[in-house]
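In: build the 3D model from these lines:
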Amino acid sequence: MSGMDHASGADDADREGSRRLPPSEERDTVERLVPAWLAETERHDPAAARRARTEWEQGSLSARTAEDLATWVTARVTDTGFNEDEGPRVDGPVRITPADKDAVHRWLAERGHGV
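Out: Next up is the predicted model:
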């Protein structure tokens with residue numbers, strides 16, 4: 001990462017209030033969340049789930065699949081830090097923090113996906 005990229009990444013993390021995870025932890029986050037995403041996709045669109053699972057297993061997500069994952073993780077943030085008066089509680093099969101969402105988005109972006 002160039003000095004300019006590093007500086008802007010740090011500024012982004014400060015602005016958003018999240019810390020940047022090392023690449024191995026970002027990958028761990030993605031690997032923790034993808035099974036829940038695939039299971040939910042399977043319930044709603046089995047063909048899309050089969051395609052996504054195949055792409056995931058082959059190690060290369062299409063732009064459409066990457067966008068679906070990015071949208072899903074954004075919509076499923078369950079640990080918002082809000083109290084009952086500030087916002088709705090989002091229940092789901094896995095705990096997803098704003099930092100997890102950011103990690104998934106960075107992981108996708110690092111693979112060339114515009115998220």
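
In: what stretches of the protein score poorly on pLDDT?
Out: The model of the chain has pLDDT under 70 over residues 1-23, 79-92.

In: apply 90 and report the result again.
Out: 1-27, 75-98, 114-115 (pLDDT under 90).

In: what about the longest helix in it?
Out: helix 23-44 (DSSP state H).

In: and the contacts of it?
Out: Residues outside helix 23-44 that contact it (Cβ atoms under 8 Å, 6 or more residues apart in numbering): 21, 48-49, 52-53, 56, 68-69, 72-73, 76, 92-94, 96, 100, 103-104, 106-107, 110. For the C-beta atoms, the positions are set from N, CA and C on the backbone; glycine is no exception.

In: any of those buried? List them.
Out: Buried subset of those (neighbour count, 16 or more other Cβ atoms under 10 Å): 21, 49, 52-53, 56, 68-69, 72-73, 76, 96, 100, 103-104, 106-107.

In: would you mind measuring from R76 to L69?
Out: 11 Å (Cβ to Cβ, to the nearest Å).

In: all helices of the chain, in order?
Out: Under the criterion DSSP H, the chain contains helices at 3-16, 23-44, 46-58, 63-75, 98-110.

In: which of those sits most buried?
Out: Mean neighbour count (mean count of other Cβ atoms under 10 Å) peaks for helix 98-110 among these, with a mean of 19.
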